[in-house]
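1. Requesting a structural model of the entry that follows:
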Amino acid sequence: MDCWRMVRRNKLIGQWAAQKLGLVGESARTYSNDLARGTFDIERNDVLAIILRDFDAAGVVQSKDQIRSVMTQSWLNAGSKTDGADASDAALVQIARKLM
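-> Next comes the predicted model:
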């Protein structure tokens with residue numbers, strides 16, 4: 001698993017979740033950065049559980065499937081940033097996009 005891509009994915013998911021939570025400015029950046037930093041922390045790497053918990057506490061209604069869909073799209077978007085990614089990774093992203 002590409003760690004850079006996972007960090008980027010978590011940051012993108014964090015930006016989406018922050019918007020749903022009504023966070024703006026520095027609060028939104030902090031939320032997103034915290035999810036990205038948690039990528040390497042065993043106790044904080046369950047992004048789905050963190051977002052579900054935060055959404056529940058804030059009264060944001062999103063199903064696990066809806067969040068997983070955003071996670072998948074964020075993974076694809078993170079992979080489309082081809083800085084340092086090889087051609088096979090870019091090809092995989094294109095195939096996955098066509099399947100979605």
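2. Tell me if I'm right that residue 31 and residue 21 touch.
-> Yes. Counting by C-beta atoms under 8 Å, residue 31 does reach residue 21; the two are 7.1 Å apart. In short, each C-beta sits where N, CA and C put it, glycine included.
3. Between those two, which contacts overlap?
-> Common neighbours of residue 31 and residue 21, counting by C-beta atoms under 8 Å, 6 or more residues apart in numbering, are absent.
4. which residue is nearest the middle of this protein?
-> In the chain, the residue lying closest to the centroid (C-alpha atoms, centre = their mean) is residue 13, at 2.8 Å.
5. List of residues touching stretch 22-37?
-> With C-beta under 8 Å, 6+ apart, stretch 22-37 has contacts from 7-8, 10-15, 17-19, 21, 44, 47, 50, 58.
6. buried residues in it?
-> 23, 28, 31-32, 34-36 (16 or more other C-beta atoms under 10 Å).
7. If we only consider the residues you listed, which is nearest to residue 70?
-> For the buried residues of stretch 22-37, the residue nearest residue 70 by C-beta to C-beta is residue 35; the value is 12.2 Å.
8. quick one, what contacts the residue nearest to the centre of the chain?
-> Here residue 13 is in contact with 35, 47, 51, 70-71, 74 (criterion: C-beta under 8 Å, 6+ apart).
9. Name the nearest residue to residue 5, sequence neighbours excluded.
-> residue 78 (4.8 Å; C-beta to C-beta, 6 or more residues apart in numbering).
10. filter the contacts of residue 13 to the buried ones?
-> Applying 16+ other C-beta under 10 Å to these flags 35, 47, 51, 70-71, 74 as buried.
11. May I see these arranged in JSON lines, with secondary structure and pLDDT as well?
-> Below are the buried ones among the contacts of residue 13 laid out as JSON lines (DSSP: H, G, I helix; E, B strand; the rest coil; pLDDT from 0 to 100):
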{"residue": "35", "secondary structure": "helix", "pLDDT": "89"}
{"residue": "47", "secondary structure": "helix", "pLDDT": "91"}
{"residue": "51", "secondary structure": "helix", "pLDDT": "95"}
{"residue": "70", "secondary structure": "helix", "pLDDT": "94"}
{"residue": "71", "secondary structure": "helix", "pLDDT": "91"}
{"residue": "74", "secondary structure": "helix", "pLDDT": "92"}
